[in-house]
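Engineer: When you get a sec, could you give me coordinates for this:
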Amino acid sequence: MIYIHTETGKMYYGGTAMTRMLDNSTLWSGIPTSEQLTEWGFVEYIPPEPPEPQPPTPEDELDPYEALNIITGGIEE
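Structural biologist: The predicted structure is shown next:
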């Protein structure tokens, strides 16, 4: 699972070790639990949904003759 820090934007990839300075000047190192991550300001990262593709406009579409010219390099038989 991937987490992101709400203030810094720093990412944490679950299952990897991290080292952190705690509030009482104690150095902590290890694989944090989800409870620790939440306490430290991390939340589960949910990637944004990709935007819906826009339907093609008439300007985006080629007629069959233009498409054939592009494919054949304009060679006519």
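Engineer: Going by residue numbers, what spans are helices in this structure?
Structural biologist: Counting by DSSP state H, the chain has helices at residues 34-39, 64-72.
Engineer: what's the most buried one of the ones you listed?
Structural biologist: Among the helices of the chain, the stretch with the highest mean neighbour count (mean count of other C-beta atoms under 10 Å) is helix 34-39, at a mean of 13. All C-beta atoms are positioned from the backbone trio N, CA, C, and that covers glycine.
Engineer: Who are the packing partners of it?
Structural biologist: Using 3 or more C-beta pairs under 8 Å, 6 or more residues apart in numbering; DSSP states H and E, no helix or strand is in contact with helix 34-39.
Engineer: Adding mean pLDDT and distance to residue 10, write the helices of the chain out as CSV.
Structural biologist: Converted to CSV, the helices of the chain look like this (pLDDT from 0 to 100; distance: least, C-beta to C-beta, whole Å):
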stretch, mean pLDDT, distance to residue 10
helix 34-39, 93, 11
helix 64-72, 83, 47
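Engineer: Make TSV from those and add distance to residue 21 to it.
Structural biologist: Output for the helices of the chain, formatted as TSV (distance: least, C-beta to C-beta, whole Å):
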stretch	distance to residue 21
helix 34-39	14
helix 64-72	60
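Engineer: With adjacent residues omitted, what lies nearest to residue 27?
Structural biologist: Once flanking residues are discounted, residue 27 sits nearest to residue 21: 6.0 Å by C-beta to C-beta, 6 or more residues apart in numbering.
Engineer: Many thanks, have a good one.
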